[in-house]
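*Asks:* Attaching a predicted model along with its sequence, questions to come.
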Amino acid sequence: MTLLTLACISTLSAQNKLKPYEEYIAQYANIAREQQERHNIPASITLAQGLLESGAGMSELAKVSNNHFGIKCHNNWKGETAYAFDDGQSSCFRKYDKVSESYEDHSLFLVNGARYRFLFQLDLNDYKGWARGLQKAGYATDQQYADKLIRVIETYDLNQYTKGSVKKIQTEEKSTRKTKKRAIKKARTVSVSDLPDSTILNSAELLQFAKDYHDMERDASSNRINPLTTHIVEYVGTTPCITVKFGDSFASIAEEFGLTARRLRKINDVDASYTLTAGGRLFLDSKTGWWEGENPTHIVKAGETIHSISQTYALKLDALYKLNDMKPGTPIKVGQRIKLRNPDQLSPFMRTMNQVINSTDSVKTAK
């Protein structure tokens, strides 16, 4: 494993909560809680796996077969099947009549699997132990699977479903969402004329007000908004992103994921003049200051920019400049080696811990 997990812990706090994820949680939290009571599997883990494996219920496999956990057929499966590409080849997956059947089968898959037996010795609230145990046992080939599960659980506070009453929690969440929606709706209707006569704004506040108003007007009038388009959340490292589709705009994507267009531009290090391109990558949450994958450097290819490289590796643009001792705006050349991380800047303790992490063997057995 070549993750700088410990160096990136700080990036796991104050993450964006995506609307499709919140809707998925609200819909299936009760089922996850029932599975916990029936099979002793943490509801937090079940929900996080369902979110990741099904793209919050939006993946083709989830839609066609109600399979929210990517469980393959295997020799003992007697039910209906569906085929989808996995790891570059067509694979057989289980098909269910209802999503709840997928949740039950997922639980039985873990309960009856000899390689997962050690997990049931862990405390239900030890979601980190469960996440790392699932990866070690080979539930997924993704080397960052455990980190993704942990990030999702912490971002959406899924451990509350392991601990408490789902119905009570969902009622509180629903009330909070309504309050936020009312606040946003009210904010969108505010204009300069609505401000009290006694309101005095300084130049910076006026500039920001004008910019926000311009962004709202431009996004609202954009003829490129496609509200029917939905996207599957993917990940680069542990950072969620989507692939831009034809007809997308910052406004439409912001609406889909419960963010703001301005926030999306900031996350992706672009300004208001930037135009989305179909097939491009757009991040939905803060990028990191370190590349979490295997290669510590990148060789510049023709047509690449420092920004496109930052988008390839989910790295903040200013962090990438600093890693390479470059001033913002410095041009790059084909063949130039760009650092994606610099372990030498870690403290001796962190370097030692990183070496321990990197020396840990990872089992790569498909589900």
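*Replies:* Looks like it arrived, so ask away.

*Asks:* How much space separates L264 from L317?
*Replies:* 15 Å (Cβ to Cβ, to the nearest Å). Any C-beta I mention is one placed from the backbone N, CA and C, and that applies to glycine too.

*Asks:* Those two - which one has more neighbours?
*Replies:* L264 (20 against 17; other Cβ atoms under 10 Å).

*Asks:* Tell me the secondary structure of the more buried one, please.
*Replies:* At L264, secondary structure determined by DSSP: H, G, I helix; E, B strand; the rest coil is helix.

*Asks:* wait, what's in contact with it?
*Replies:* 250, 253-254, 282, 284 (Cβ atoms under 8 Å, 6 or more residues apart in numbering).

*Asks:* helix, strand or coil for the nearest residue to D142 once chain neighbours are set aside?
*Replies:* Leaving aside its chain neighbours, D142 sits nearest to K148 (7.3 Å; criterion: Cβ to Cβ, 6 or more residues apart in numbering). Recorded secondary structure, K148: helix (three-state DSSP).

*Asks:* what residues are up against K148?
*Replies:* 52, 142, 235, 238.

*Asks:* Give me the lowest-pLDDT entry from the residues you listed.
*Replies:* Across the contacts of K148, the bottom pLDDT score, 86, is held by D142.

*Asks:* residue boundaries of the helices in this protein?
*Replies:* Counting by DSSP state H, the chain has helices at residues 19-39, 43-54, 60-65, 99-111, 127-137, 145-155, 159-163, 166-188, 203-221, 250-257, 261-267, 306-312, 317-323, 348-358.

*Asks:* What lies in contact with the first one?
*Replies:* Outside of helix 19-39, the residues that reach it under the criterion Cβ under 8 Å, 6+ apart are 41-44, 46-47, 50-51, 54, 56-58, 68, 99-100, 103-104, 106-108, 110-111, 124, 152, 156, 158, 161-162, 166-167, 169-170, 173-174, 177, 230, 233, 256-258.

*Asks:* tell me, how many neighbours does the residue found closest to N159 once you drop the neighbours it is linked to in the chain end up with?
*Replies:* Of all residues not flanking N159 in the chain, S44 sits nearest, at 4.7 Å (Cβ to Cβ, 6+ apart). Using other Cβ under 10 Å, S44 has 30 other residues around it.

*Asks:* Surely S44 touches V152?
*Replies:* No - using Cβ atoms under 8 Å, S44 is not in contact with V152, being 9.0 Å away.

*Asks:* got any residues that touch both of the two?
*Replies:* Counting by Cβ under 8 Å, 6+ apart, the shared contacts of S44 and V152 are L158.

*Asks:* Tabulate the contacts of K148 (TSV), appending neighbour count and distance to S273.
*Replies:* Putting the contacts of K148 into TSV (neighbours: other Cβ atoms under 10 Å; distance: Cβ to Cβ, whole Å) gives the following:
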residue	neighbour count	distance to S273
L52	23	34
D142	14	36
Y235	18	28
T238	24	30
